[in-house]
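A.B. asks: Test case, fold it:
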Amino acid sequence: MNIVELTVAPELAALTGENRWVLVDFYADWCGPCKSMAPAFEEIATRYSEVFSAAKLNVDKLPGVASTYGVRGIPTFILFHHGLAVDEISGTQTVANMEKWLKAAIGGDLN
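C.D. replies: Sure thing, here's the model as predicted:
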């Protein structure tokens, strides 16, 4: 598993500007649902590492970035492609729900 922890705003721009799908978990350390969602996010990131890169962004450390993308609740997951936010989902999700959402957002198979 290779999940990048974003610590400064330019890291997000650099990562999402790649010619690759990037899934970003917007979270906070104090957030119970974020903590309960972490294992599912890690499973998705590991299972589909060939399809997309994965990153975590602490909204308390980078509130301006969260605001830029309209993150109002956490956890929020935003899928980026070519530097653009393509789709998002918020709240606690099952792995199956995340997979269904990702397939729809990517417009195809995750394999």
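A.B. asks: what about the strands in the protein?
C.D. replies: With strands called from DSSP state E, the chain shows them at 3-6, 21-27, 52-58, 76-81, 84-90.
A.B. asks: how about a markdown table for these, with mean neighbour count added?
C.D. replies: Yep, even glycine has a C-beta here, placed from its N, CA and C like the rest. Converted to a markdown table, these look like this (neighbours: other C-beta atoms under 10 Å):
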| stretch | mean neighbour count |
| --- | --- |
| strand 3-6 | 16 |
| strand 21-27 | 23 |
| strand 52-58 | 21 |
| strand 76-81 | 22 |
| strand 84-90 | 15 |
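A.B. asks: Including mean pLDDT and distance to Val65, could those go into TSV?
C.D. replies: Formatted as TSV, these follow (pLDDT from 0 to 100; distance: least, C-beta to C-beta, whole Å):
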stretch	mean pLDDT	distance to Val65
strand 3-6	90	8
strand 21-27	94	8
strand 52-58	93	6
strand 76-81	94	10
strand 84-90	93	11
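A.B. asks: Adding distance to Gly70, write those strands out as a markdown table.
C.D. replies: Shown next, in a markdown table, are the strands of the chain (distance: least, C-beta to C-beta, whole Å):
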| stretch | distance to Gly70 |
| --- | --- |
| strand 3-6 | 17 |
| strand 21-27 | 10 |
| strand 52-58 | 14 |
| strand 76-81 | 9 |
| strand 84-90 | 8 |
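A.B. asks: which stretch among those strands comes nearest Phe41?
C.D. replies: strand 21-27 (5.1 Å; C-beta to C-beta).
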